[in-house]
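Colleague: no sequence on hand, only this structure:
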Ligand SMILES: [Zn+2]
Ligand SMILES: [Zn+2]
């Protein structure tokens, strides 16, 4: 009986040692994967650690028979690298996944708490955007609708920020002040003021947010540039056409109708504002054509 218990204890210890050995062997892999885990998803590293430990459990360590200096050193190294791997995984679990999104959800809720207005903005994050100058696409002020909108956001972790500004912008306002500025990134993450990196949305949350943006703002996953910028490029195209017209017609300044005919003649569609603003043509003191758009903040 006592013998069995001892054997069991030894077997158990060997299994734990096996798990530690698995973690130790996979430790260099964890270090190599760190940049990928931080930029794509920390769950990659966590998955590797769990697999390494489970494989190790399945292949228990041999019993330590007799004394051997090398064996003792090896077991110490296993303990050190296993501990390092556990620390790395624990740090990723805490900082990069926010304990499976729990901490990020909590901090995000407290950042947007008591917001009384939400604005979907035709722009991106603060890197290159001036939210005050950008058009509003949609506004929510109804309390129940605000709560329903906020409920769509659930996070699974955070990654290093990508290179773009994101689109569209989503801002939370409270008492006439913009308290949180954010932008959606590639339909799957939200970059939020006051938070490190890009907050990754859970798969369910991504789907809800994308559907909501499509339904209420006409935005699809491929929309990545503000519409007012598209409008600007289209106005440039008309201005260039006006200059070309003048060059080709001994300096005669074209009217809008002239330009429309010109586009038609060339088999091209006349550029239009993506949100339906009206274009008008004026000439400055320098004689250069300027196209203005009537859509709000399209200038
Ligand atoms: Zn991005
Ligand atoms: Zn416009």
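Modeller: Sure, I can see it. No experiment lies behind these values; they were computed from the predicted model shown. Ligands and ions are numbered 1, 2, ... in the order given.
Colleague: helices and strands around the helix or strand containing residue 49, which ones?
Modeller: Residue 49 is part of helix 43-58 when elements are defined by DSSP states H and E. In this structure, helix 43-58 packs against helix 2-39, helix 69-91, with contacts taken as 3 or more C-beta pairs under 8 Å, 6 or more residues apart in numbering; DSSP states H and E. C-betas here are computed from N, CA, C, even on glycine.
Colleague: including mean neighbour count and mean pLDDT, could the ones you listed go into TSV?
Modeller: Shown next, in TSV, are the helices and strands packed on helix 43-58 (neighbours: other C-beta atoms under 10 Å; pLDDT from 0 to 100):
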stretch	mean neighbour count	mean pLDDT
helix 2-39	16	85
helix 69-91	15	93
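Colleague: picking up where we left off before, enumerate the positions of the helix holding residue 49 that are buried.
Modeller: Of all the residues in helix 43-58, those buried under the rule 16 or more other C-beta atoms under 10 Å are 43-46, 48-49, 52-53, 55-57.
Colleague: quickly check: the one helix or strand in the chain whose mean pLDDT sits lowest near ligand 1 or not.
Modeller: The element with the least model confidence among the helices and strands of the chain, by mean pLDDT, DSSP states H and E, is helix 2-39, at a mean of 85. No. Contact of helix 2-39 with ligand 1 (C-beta under 5 Å from the ion) is absent, the minimum separation being 11.7 Å.
Colleague: angle of that helix against helix 69-91?
Modeller: Helix 2-39 and helix 69-91 meet at an angle of 50 degrees, taking axes from the mean of the first three to the mean of the last three C-alpha atoms, to 10 degrees as the criterion.
Colleague: the protein - how does it break down into domains?
Modeller: When the chain is parsed with automatic domain parsing, its domains come out as 2-96, 102-217, 227-293.
Colleague: pLDDT averaged over the second one - what is it?
Modeller: This points to domain 102-217. What domain 102-217 shows for mean pLDDT is 95.
Colleague: that domain close to ligand 2?
Modeller: No. If you take C-beta under 5 Å from the ion as the test, domain 102-217 misses ligand 2, and the best it gets is 8.7 Å.
Colleague: roughly how far out does that domain sit from the chain middle?
Modeller: In terms of C-alpha atoms, centre = their mean, to the nearest Å, the gap separating the centre of domain 102-217 from the centre of its chain is 10 Å.
Colleague: now do the last one
Modeller: Using C-alpha atoms, centre = their mean, the distance from the centre of domain 227-293 to the centre of the chain it belongs to is 37 Å.
Colleague: could you dump the buried residues of helix 43-58 to CSV with pLDDT and distance to ligand 2?
Modeller: Rendered in CSV, the data for those read as follows (pLDDT from 0 to 100; distance: C-beta to the ion, whole Å):
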residue, pLDDT, distance to ligand 2
43, 95, 42
44, 95, 43
45, 96, 46
46, 96, 47
48, 96, 50
49, 97, 52
52, 95, 56
53, 94, 57
55, 93, 59
56, 91, 62
57, 90, 63
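Colleague: what residues does the stretch 151-299 of the chain put near ligand 1?
Modeller: Proximity of the stretch 151-299 of the chain to ligand 1, by C-beta under 5 Å from the ion, involves residues 162, 164, 185.
Colleague: just to revisit the earlier point, most tightly surrounded among the domains of the chain?
Modeller: Burial of the domains of the chain is given as mean neighbour count (mean count of other C-beta atoms under 10 Å); domain 102-217 ranks first at a mean of 18.
Colleague: between the two ends of that one, how far is it?
Modeller: Distance between the boundary residues of domain 102-217 (C-alpha to C-alpha, to the nearest Å) amounts to 29 Å.
Colleague: distance of the residue in the stretch 101-250 of the chain positioned nearest to ligand 2 from residue 274?
Modeller: Nearest to ligand 2 in the stretch 101-250 of the chain, going by C-beta to the ion, is residue 231, at a distance of 3.2 Å. Here residue 231 is placed at a distance of 6 Å from residue 274 (C-beta to C-beta, to the nearest Å).
Colleague: tell me the backbone dihedrals of the residue nearest the centre of the chain, please.
Modeller: When the chain is reduced to its mean C-alpha position, the nearest residue by C-alpha atoms, centre = their mean turns out to be residue 189, at 2.8 Å. Phi and psi for residue 189, reported as degrees, to the nearest 10, are phi -140, psi 160.
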